[in-house]
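Visitor: one predicted model, sequence on top.
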Amino acid sequence: MKTDNRSFFFVVALFAGLSLNAADWSQYRGPNLDGSTAEKVQWPAGGPKSLWKVPTPDGFGSFVVSDGKACTIVTRLQDGAPQETLVALDANTGRELWATSLAAVSKYGGGGDAGTPTNKGGDGARSTPAFDGDRVYTLNSRLSLTCFDAKSGKSLWSHDFLKEFAGVNIKWENAASPVIDGNLVYVAGGGAGQSLLAFNKTDGKLAWKTGTETITHSTPVVATIHGVRQVVYFTQSGLVSVAAQTGASLWKQAFKFAVSTAITPIVGGDIVYCAAGYGVGSGAYKISKSGNAFTSTELWRSTGNQPVANHWSTPVYKDGHLYGMFQFKEYGDGPLKCVELATGKVKWEKAGFGPGNVILVDGNVLALSDAGDLALVAGSPVAYKELGRTKTVTGKCWSTPVLSNGRVYVRSTKEGACIDLLSKVAAR
């Protein structure tokens with residue numbers, strides 16, 4: 001049979017381009033720690049194909065994908081009790097490779113009593129694991145940080161913050177995920193003088209501890225602001241920034257707390273955005289530096305649950321704008337919005353997403369609704385423009401979609417799925 005060399009080289013070149021742009025999604029906020037990836041995707045003309053589905057009972061954490069493995073935290077019966085369980089799957093097939101208990105009762109409650117779980121608040125763990133090389137890290141609802149061997153699931157080291165660092169849990173218990181940057185793992189949950197923590201990712205040794213802050217359900221963000229690498233924690237007193245390597249205090253910004261704070265702060269250049277539900281609202285703060293001293297200045301503040309507030313749905317940032325689910329308990333109906341970061345002005349909104357989550361994919365917004373609809377939306381402040389949509393899973397989707405090597409991994413409190421966005425290669 002005669003081969004069309006032009007077609008052959010076109011397909012080879014296209015695969016090569018996809019390989020160059022492919023990336024693992026190794027932790028909660030992705031390879032860039034800001035919910036973005038440079039991977040290029042194009043919505044297939046006939047719609048994307050679901051490659052596999054597996055049960056993922058109870059949990060609001062997301063998938064992480066690295067070295068051919070996809071991990072998430074589910075609820076399984078262990079010794080007769082529902083426990084948070086770390087599960088490793090083959091990223092290509094969904095076949096389970098191993099699973100291990102995180103030694104925390106999964107049906108934890110809303111009372112804030114770390115010793116006596118109840119069924120209030122249920123639905124399983126909120127935290128997402130983190131990959132780094134041949135290791136995977138978890139922070140369970142009872143504030144225990146554990147490092148596992150990614151091949152076998154064997155525990156390599158762990159720290160119980162309640163016992164070792166006089167930690168105090170909070171209402172609905174821990175929902176934050178561990179964040180890895182460089183050689184350190186950043187977490188929070190210790191007591192007075194040691195509420196903010198960093199550990200060496202290899203041996204688990206304490207790198208630094210600082211602060212007397214009460215934690216929230218927010219995962220910290222690591223970013224470089226004015227040339228200084230820093231970790232920004234969203235605590236009950238507000239935003240607290242410390243030097244990434246030493247834990248030295250850099251700046252603080254007071255911000256109201258009520259009931260629960262859950263989103264990760266967003267850094268856009270020298271502006272930091274934060275928000276909460278329960279009538280708290282949102283705000284943007286300009287971070288300045290003079291010599292070695294940092295200061296924070298409020299640019300704008302919006303109170304109440306509208307027009308600009310986030311419950312647990314963390315937005316993404318692109319070219320001066322935020323994109324995400326700005327709403328509070330608008331299940332099924334809450335809008336996806338575009339908001340100008342420097343002013344808080346809403347540029348556009350589209351109802352029908354609920355408290356789902358978004359990521360930024362090659363400049364466009366990949367949004368997962370709370371009902372399991374996956375939509376690709378143009379990352380433009382001009383108007384809402386949908387580039388594609390498909391139904392992925394059933395169940396409650398309060399987790400974040402992730403993209404790795406041309407595939408989207410989504411999950412709900414019922415099932416997880418792998419959606420292929422590489423099928424465009426088959427078309428000329």
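Guide: Received, thanks.
Visitor: what sits against Gly61?
Guide: By C-beta atoms under 8 Å, 6 or more residues apart in numbering, the residues touching Gly61 are Thr72, Ile73, Ala125, Arg126, Ser127, Thr128, Pro129, Ser177, Ser399. C-beta here means a position set from N, CA and C on the backbone, and glycine is covered the same way.
Visitor: separation between the residue nearest to Phe294 when sequence neighbours are not counted and Thr297?
Guide: Leaving aside its sequence neighbours, Phe294 sits nearest to Trp251 (C-beta to C-beta, 6 or more residues apart in numbering; 3.8 Å). To Thr297, Trp251 is 10 Å away according to C-beta to C-beta, to the nearest Å.
Visitor: for Arg142, same thing?
Guide: Using C-beta to C-beta, we find Arg142 at a distance of 38 Å from Thr297.
Visitor: more neighbours: those two, which one.
Guide: Between Arg142 and Thr297, Arg142 has the larger neighbour count (other C-beta atoms under 10 Å), namely 22 against 11.
Visitor: from Thr235, how far off is the more buried one?
Guide: Arg142 is 19 Å from Thr235, by C-beta to C-beta.
Visitor: circling back: can I take it that the residue nearest to Phe294 is in a helix?
Guide: No - counting by DSSP: H, G, I helix; E, B strand; the rest coil, Trp251 is not found in a helix; it is strand.
Visitor: where in the chain is the helix or strand with the lowest mean pLDDT?
Guide: When each helix and strand of the chain is scored by mean pLDDT, DSSP states H and E, helix 5-21 comes last, with a mean of 41.
Visitor: pLDDT averaged over the next helix or strand after it, what's the number?
Guide: Using DSSP states H and E, the helix or strand that follows helix 5-21 towards the C-terminus is strand 36-37. Averaging pLDDT along strand 36-37 yields 96.
Visitor: so what touches the helix or strand that strand 36-37 is followed by?
Guide: Next along the chain after strand 36-37, taking DSSP H and E as the criterion, comes strand 49-55. Contact with strand 49-55 is made by 74, 89, 92-94, 96, 392-393, 407, 414-420, 423, as judged by C-beta under 8 Å, 6+ apart.
Visitor: one step back: save the contacts of Gly61 as TSV, and put in secondary structure, pLDDT and distance to Thr246 too.
Guide: Formatted as TSV, the contacts of Gly61 follow (DSSP: H, G, I helix; E, B strand; the rest coil; pLDDT from 0 to 100; distance: C-beta to C-beta, whole Å):
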residue	secondary structure	pLDDT	distance to Thr246
Thr72	strand	98	33
Ile73	strand	96	31
Ala125	coil	87	31
Arg126	coil	91	29
Ser127	coil	96	26
Thr128	coil	98	26
Pro129	coil	98	26
Ser177	coil	98	23
Ser399	coil	95	33
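Visitor: closest to Val64 out of those residues?
Guide: When those are ranked by distance to Val64 (C-beta to C-beta), Pro129 comes first, at 5.4 Å.
Visitor: is it true that the closest one touches Lys69?
Guide: No - look at Pro129 against Lys69 with C-beta atoms under 8 Å: they stay out of range, at 10.4 Å.
Visitor: which one of these two is surrounded by more residues?
Guide: Pro129 (29 against 19).
Visitor: what's that one in contact with, if anything?
Guide: Per C-beta under 8 Å, 6+ apart, neighbours of Pro129: Gln27, Gly61, Val64, Cys71, Thr72, Ile73, Leu86, Val136, Tyr137, Thr138, Ser177, Pro178.
Visitor: make it 6 Å
Guide: Going by C-beta atoms under 6 Å, 6 or more residues apart in numbering, Pro129 touches Val64, Cys71, Val136, Thr138.
Visitor: follow-up on the earlier one: now do the contacts for the residue nearest to Phe294.
Guide: Ser241, Phe294, Ser296.
Visitor: in which helix or strand would I find the second one?
Guide: Going back to what we said before, that points to Phe294. Using DSSP H and E, Phe294 falls in strand 293-302.
Visitor: which elements pack onto whatever helix or strand comes next after that strand?
Guide: As assigned by DSSP H and E, the chain's next helix or strand after strand 293-302 is strand 316-318. Counting contacts by 3 or more C-beta pairs under 6 Å, 6 or more residues apart in numbering; DSSP states H and E, strand 316-318 packs against strand 357-361.
Visitor: please export the C-alpha coordinates of the strand it packs on as CSV.
Guide: C-alpha atoms of strand 357-361 as CSV (Å, rounded to 0.1, in the frame of the first residue of the first chain):
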residue,chain,number,x,y,z
ASN,A,357,-14.0,24.6,39.7
VAL,A,358,-11.8,25.8,36.9
ILE,A,359,-8.2,25.5,35.5
LEU,A,360,-6.4,27.6,32.8
VAL,A,361,-5.4,25.5,29.8
